[in-house]
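Asks: one predicted model, sequence on top.
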Amino acid sequence: MASSDITSVRARRVWDSRGNPTVEVDVVLEGGARGRAIAPAGASRGTREATDLRDGGTALRGMDVGRALASVSDVIAPALIGQDARNQAEIDTIILGLDSSALKATLGGNATVATSLSVLHAAAAAAGKPLWRHLADQYRHTPSIPLPEIQIFGGGAHAGRRVDVQDFMIMVPGAGSFEEVMEVTSEIYFAAGAIMSKKGRISGVADEGGWWPVFDSNEEALETLVQAIEHAGETPGERVVISLDIAASEFGADGVYRLALENRTLDSDGMIAMLGRWLDAYPIASIEDPLAEGDPTGMRAFTREFGERVQIIGDDYLVTNAGLVRDAAAHGACNAVLIKVNQAGTVTESIETLDAARKAGYRSVVSARSGETEDVSISHLSVGLGAGQLKVGSFTRSERMAKWNECLRIQDELGADAFVGGKPLAGTWWGKAQTGMKS
Ligand code: PGA
Ligand code: ZN
């Protein structure tokens with residue numbers, strides 16, 4: 001037996017940032033190396049992403065994971081014991097072979113992703129390397145510290161649908177280091193809180209730690225975000241830009257979009273026109289899921305019209321699926337993909353999606369879910385795979401801060417030159433406006 005052969009795979013129930021049960025998997029190798037990973041959980045899920053297996057019924061609101069734990073202990077573990085943890089692709093192929101359903105519904109995406117990531121951690125430990133370096137070596141990428149997208153206001157499914165748009169975020173592409181991004185973000189986050197407090201509109205934070213959005217319209221949130229950037233001493237559109245996740249699949253289907261907060265309904269063209277006005281009026285450099293996953297005509301039209309000036313990310317639209325990325329590229333939909341390992345269900349499928357994105361000339365953003373834990377795997381994935389961007393949620397709550405803090409630690413090792421800065425936004429209006437940017 002090789003020292004990197006798997007000797008044990010054990011699952012336990014732990015709890016996520018929303019207080020829901022989730023799956024943690026420990027993997028132990030012959031030589032004593034160990035891996036551990038925890039499955040995150042989304043609230044605004046794409047219909048084509050890997051399905052989490054939940055127990056249903058009334059206990060724990062149907063959210064318990066007993067069946068997913070059993071998938072690991074009864075089905076996945078016996079198949080993986082004796083396998084070499086260094087062969088991630090083979091491990092993931094074995095896992096895939098155990099579930100013939102389309103969306104991993106039999107084993108549960110929560111069971112597969114925790115196991116797949118845990119094996120990856122064990123292999124890195126066996127190699128005596130931090131995960132980011134193991135990934136960079138294994139998949140031949142130059143490691144880099146990503147440009148973050150950080151939420152200031154939450155919304156949509158993460159804030160009781162108080163506003164329709166899900167994420168009002170900032171990016172700091174003009175920063176020279178990851179530390180600088182953190183500092184600027186902290187100033188803007190608290191400036192936003194102060195503005196809301198002055199208006200008597202503070203009511204806590206949403207699921208990902210951004211301010212709970214007490215606004216009368218979606219655009220009021222945008223206006224407040226611009227003010228917050230200004231109150232923090234910044235000129236919006238210079239060092240700091242805005243990024244939105246519309247998460248349009250949450251309120252749009254069959255070409256009909258219902259903006260509940262504003263009590264109006266738009267068709268696909270109406271959505272495109274409204275977003276176009278926002279792009280003209282605010283310094284928005286990135287926009288995610290501007291149209292619904294079932295509206296490819298709208299997404300292609302939006303990309304045709306705005307793809308040269310803004311990053312257009314497919315999340316629910318592409319669900320970390322290499323085939324969907326290739327298809328979108330062939331039809332001119334989106335120019336970037338969100339990479340969520342649990343949407344794919346395994347590490348290998350996520351990396352295949354990232355590779356497909358690179359081939360298509362798409363940008364990549366490694367992303368957390370709204371239900372998260374202390375697991376910091378995605379910080380390492382974003383660095384080790386050289387993805388360029390990282391989306392984790394806001395700037396409070398430790399399941400979020402753990403990921404940002406991990407990037408700071410990695411940057412200590414890699415050096416500040418490894419920070420990609422604004423490079424991922426080259427090709428957008430922001431990138432084109434920059435001269436003398438760090439090259
Ligand atoms: P989710 O949403 O994790 O709740 O699905 C996050 C996102 O849409 O980016
Ligand atoms: Zn999204």
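Replies: Cool, got the structure. Residues are numbered from 1 along each chain as shown. Ligands and ions are numbered 1, 2, ... in the order given.
Asks: got the phi/psi numbers for the closest residue to ligand 2 within the chain?
Replies: Ligand 2 sits closest to D315 of the chain, with a gap of 3.4 Å, by CB to the ion. Glycine gets a C-beta too; all of them are placed from N, C-alpha and C. Phi and psi for D315, reported as degrees, to the nearest 10, are phi -110, psi -80.
Asks: who touches it in this structure?
Replies: Taking CB atoms under 8 Å, 6 or more residues apart in numbering, we find D315 in contact with G46, D245, A247, E288, D289, L338, K340, S367.
Asks: element containing the residue nearest to it when sequence neighbours are not counted?
Replies: Excluding its sequence neighbours, the residue lying closest to D315 (CB to CB, 6 or more residues apart in numbering) is L338, at 4.1 Å. Secondary structure from DSSP states H and E places L338 in strand 336-339.
Asks: packing partners of that strand?
Replies: Packed against strand 336-339 by the contact rule (3 or more CB pairs under 8 Å, 6 or more residues apart in numbering; DSSP states H and E) you find strand 311-314, helix 347-360, strand 363-367.
Asks: a markdown table please, covering the ones you listed and showing mean pLDDT and mean neighbour count.
Replies: Shown next, in a markdown table, are these (pLDDT from 0 to 100; neighbours: other CB atoms under 10 Å):
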| stretch | mean pLDDT | mean neighbour count |
| --- | --- | --- |
| strand 311-314 | 98 | 27 |
| helix 347-360 | 98 | 22 |
| strand 363-367 | 99 | 27 |
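Asks: quick check: bridge partners of A253?
Replies: A253 has these beta-bridge partners by DSSP bridges: V256.
Asks: turn the helices and strands packed on strand 336-339 into JSON lines, including distance to G332.
Replies: Shown next, in JSON lines, are the helices and strands packed on strand 336-339 (distance: least, CB to CB, whole Å):
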{"stretch": "strand 311-314", "distance to G332": "10"}
{"stretch": "helix 347-360", "distance to G332": "11"}
{"stretch": "strand 363-367", "distance to G332": "15"}
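Asks: one step back: and which of the contacts of D315 is nearest to W429?
Replies: Nearest to W429 among the contacts of D315: E288, at 16.9 Å, using CB to CB.
Asks: against R161, how distant is the closest one?
Replies: As judged by CB to CB, to the nearest Å, E288 and R161 stand 17 Å apart.
Asks: who has more neighbours out of these two?
Replies: E288 (27 against 15; other CB atoms under 10 Å).
Asks: wait, what's in contact with the more buried one?
Replies: Contacts of E288 were listed using CB under 8 Å, 6+ apart, and they are D167, S243, L244, D245, I246, A247, I312, I313, G314, D315, L338.
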